[in-house]
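Trainee: Please find the sequence and the predicted model below.
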Amino acid sequence: MNHSAATRSTALALIAQYGDDAEVIAVLRAAELAALGDADGLAQWDEVIACIEDLQSTPPSGHLLN
């Protein structure tokens, strides 16, 4: 999926900081915004979550799966 540069940058920063827990952190942030009624913020974090899922499910280039 194509993600904006800002979304990808945020996703990569979360992965760098939190590793496998990056998606959990993003979901918590999305939940905070949902509780505040911030639909636009929630939509942005939903994109970040999708980007994290994409990045973590795609093997690094040059690596073969056995």
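Mentor: Received the coordinates, thanks. Residues are numbered from 1 along each chain as shown.

Trainee: Name the residues that touch the helix or strand Gln17 falls within?
Mentor: Using DSSP states H and E, Gln17 sits within helix 5-18. For helix 5-18, contacts defined as CB atoms under 8 Å, 6 or more residues apart in numbering pick out 3, 22, 24-26, 44, 47-48, 51-52, 55-56. From N, CA and C alone the C-beta is placed, and that goes for glycine too.

Trainee: Mind checking which of the residues you listed are buried?
Mentor: Among those, those buried by neighbour count (16 or more other CB atoms under 10 Å) are 3, 22, 25-26, 44, 47-48, 51-52, 55.

Trainee: Which ones among these map onto helices?
Mentor: The helices, defined by DSSP state H, take in 22, 25-26, 44, 47-48, 51-52, 55 from those.

Trainee: For the helix or strand hosting Asp40, which helices and strands make contact with it?
Mentor: If you go by DSSP H and E, Asp40 is part of helix 39-57. Packing partners of helix 39-57 (3 or more CB pairs under 8 Å, 6 or more residues apart in numbering; DSSP states H and E): helix 5-18, helix 22-35.

Trainee: From the chain's centroid, how far away is it?
Mentor: Its chain's C-alpha centre and that of helix 39-57 lie 4 Å apart, by CA atoms, centre = their mean, to the nearest Å.

Trainee: With stretch 8-16 instead?
Mentor: Chain-centre distance of stretch 8-16: 7 Å, with CA atoms, centre = their mean.

Trainee: swap in stretch 5-22?
Mentor: Using CA atoms, centre = their mean, the offset of stretch 5-22 from its chain centre is 6 Å.

Trainee: Okay, buried residues for it please.
Mentor: Applying 16+ other CB under 10 Å to stretch 5-22 flags 7-8, 10-11, 14-15, 22 as buried.

Trainee: and these as TSV, adding pLDDT and distance to Glu32?
Mentor: Shown next, in TSV, are the buried residues of stretch 5-22 (pLDDT from 0 to 100; distance: CB to CB, whole Å):
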residue	pLDDT	distance to Glu32
Thr7	97	18
Arg8	97	22
Thr10	98	15
Ala11	98	17
Leu14	98	15
Ile15	97	20
Ala22	98	16
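
Trainee: Many thanks, I have nothing further to ask.
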